[in-house]
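> Provide a 3D model corresponding to the input given below.
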Amino acid sequence: MRKILAAVAAAGMVAALPQAANATPQEDLKEFRAYFDKRFPNVPFDDYVNGVYSIDQASREQWESIEDFPPYEIDISAGKEMFNTPFKNGKTYASCFENDGKGVRQNYPYFDTKTGEVVTLEGAINACRVKNGEEPLGWKKGKIAQISAYMAYTSRGNEINIEVPNDERAQEAYERGKAHFYAKRGQLNMACADCHVYNAGNKVRADLLSPALGHVTHFPVYRSKWGELGTLHRRYGGCNKQVRAKPFPAQSDEYKALEYFHTYMSNGLEVNGPGARK
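A predicted model of the protein is given here:
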């Protein structure tokens, strides 16, 4: 981990994004896009859905060859089967979602003004199970990742459209996620933004750091490191561990707020999940 810290420090810090305390989400989004447009002027906006492969041609070629026979294909099939298999009461997941759960990934997470909480897609999947008398699934991998992958697959091409309603609690959730994204933490004293904003495109050992813009579009992802599919909150936990910070539980209020902000920053980009990454 010392090597990671040294590599990031050696890469140098570029000018930070303005973080005005009173900036609106719309202003944040405008600044966020403008920052990456300036940092990577040759990358089209819609190509950020491809993560690090949008900024590195050599890695992109290897990734594209993997996508010819995607390792997550079997997970999509498994997720589809589970999605359509009736619960004990005869209902299916489709009964819990708009449009029968197809083509809705781009609307998650959203802030529920009735409950005062951020609702993630995985949270909605488990809520559906509980509502229909079934036990909830684990949050990070396995069946919930497969169901989420299938739902993402049915949403490919749909533009992410996250809203922050005119509700004080929604604003607080957004600001909490924003604060998490930019806050230093762990023994290495690093923030999400240190790697994926200020040092995006720089190397940590042999790996390029990916831009935060577009991060969420391709989740859940099959990572070669994992050898399986995993959710976004699994990745958040792994990032915290890498900076020697204690991870928050998956689907904690902290990670849900982070996902809310993180996804809002990719508004306008298309869903292309599930994806494959190193």
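> now do the helices in the protein.
2-11, 25-39, 57-67, 73-84, 121-131, 143-153, 168-182, 192-193, 232-242, 253-264 (DSSP state H).
> tell me which of these is the most buried.
Highest mean neighbour count among those (mean count of other C-beta atoms under 10 Å): helix 143-153, with a mean of 26. For glycine as for every other residue, the C-beta is placed from the backbone atoms N, C-alpha and C.
> other SSEs contacting it?
helix 73-84, helix 121-131, strand 228-230 (3 or more C-beta pairs under 8 Å, 6 or more residues apart in numbering; DSSP states H and E).
> the ones you listed: which one's closest to residue 52?
Nearest to residue 52 among the helices and strands packed on helix 143-153 is strand 228-230 (16.9 Å), distances taken as C-beta to C-beta.
> so which elements touch that closest one?
Checking 3+ C-beta pairs under 8 Å, 6+ apart, strand 228-230 ends up next to helix 143-153, strand 221-223.
> show the low-confidence segments of the stretch 1-150 of the chain, by residue range.
1-21 (pLDDT under 70).
> about what we covered before: closest to residue 273 out of the helices of the chain?
helix 143-153 (3.5 Å).
> by how many degrees do that closest one and helix 232-242 diverge?
If you take axes from the mean of the first three to the mean of the last three C-alpha atoms, to 10 degrees, helix 143-153 sits at 120 degrees to helix 232-242.
> now the angle between helix 121-131 and helix 143-153, please.
Using the same axes, to 10 degrees: helix 143-153 against helix 121-131 is 120 degrees.
> re earlier: in TSV: the helices and strands packed on strand 228-230, plus distance to residue 34.
Output for the helices and strands packed on strand 228-230, formatted as TSV (distance: least, C-beta to C-beta, whole Å):
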stretch	distance to residue 34
helix 143-153	28
strand 221-223	27
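> which of the ones you listed sits closest to residue 210?
Comparing the helices and strands packed on strand 228-230 by C-beta to C-beta, strand 221-223 comes nearest, at 11.5 Å.
> and that closest one, which strands flank it?
strand 228-230 (antiparallel), strand 275-277 (parallel) (DSSP bridges).
> rebuild the helices and strands packed on helix 143-153 as TSV, extending it with distance to residue 151.
Below are those laid out as TSV (distance: least, C-beta to C-beta, whole Å):
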stretch	distance to residue 151
helix 73-84	7
helix 121-131	7
strand 228-230	13
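> and those: which comes nearest residue 277?
It is, among these and with distance given as C-beta to C-beta, strand 228-230, at 9.8 Å.
> residue 96: which of the helices of the chain is closest?
When these are compared by C-beta to C-beta, helix 121-131 sits nearest residue 96, at 3.6 Å.
> residues in contact with that closest one?
87, 93, 95-97, 105, 108-109, 119, 135-137, 139, 144, 147-148, 151-152, 231, 233, 251, 256 (C-beta atoms under 8 Å, 6 or more residues apart in numbering).
> can I get the helices of the chain in TSV including distance to residue 272?
Below are those laid out as TSV (distance: least, C-beta to C-beta, whole Å):
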stretch	distance to residue 272
helix 2-11	28
helix 25-39	17
helix 57-67	10
helix 73-84	13
helix 121-131	15
helix 143-153	8
helix 168-182	22
helix 192-193	21
helix 232-242	14
helix 253-264	14
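> these: which one's closest to residue 216?
Across these, the minimum distance to residue 216, taken as C-beta to C-beta, is reached by helix 253-264, at 4.7 Å.
> and that closest one with helix 121-131, angle?
Using the same axes, to 10 degrees: helix 253-264 against helix 121-131 is 130 degrees.
> can I get the CA coordinates of helix 253-264 in CSV?
C-alpha atoms of helix 253-264 as CSV (Å, rounded to 0.1, in the frame of the first residue of the first chain):
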residue,chain,number,x,y,z
ASP,A,253,-26.5,4.9,4.5
GLU,A,254,-23.0,6.1,3.8
TYR,A,255,-22.5,4.0,0.7
LYS,A,256,-26.1,4.6,-0.5
ALA,A,257,-25.4,8.4,-0.3
LEU,A,258,-22.1,7.9,-2.1
GLU,A,259,-23.8,6.0,-4.9
TYR,A,260,-26.4,8.7,-5.1
PHE,A,261,-23.8,11.4,-5.7
HIS,A,262,-21.5,9.2,-7.8
THR,A,263,-24.4,8.2,-10.1
TYR,A,264,-25.7,11.8,-10.4
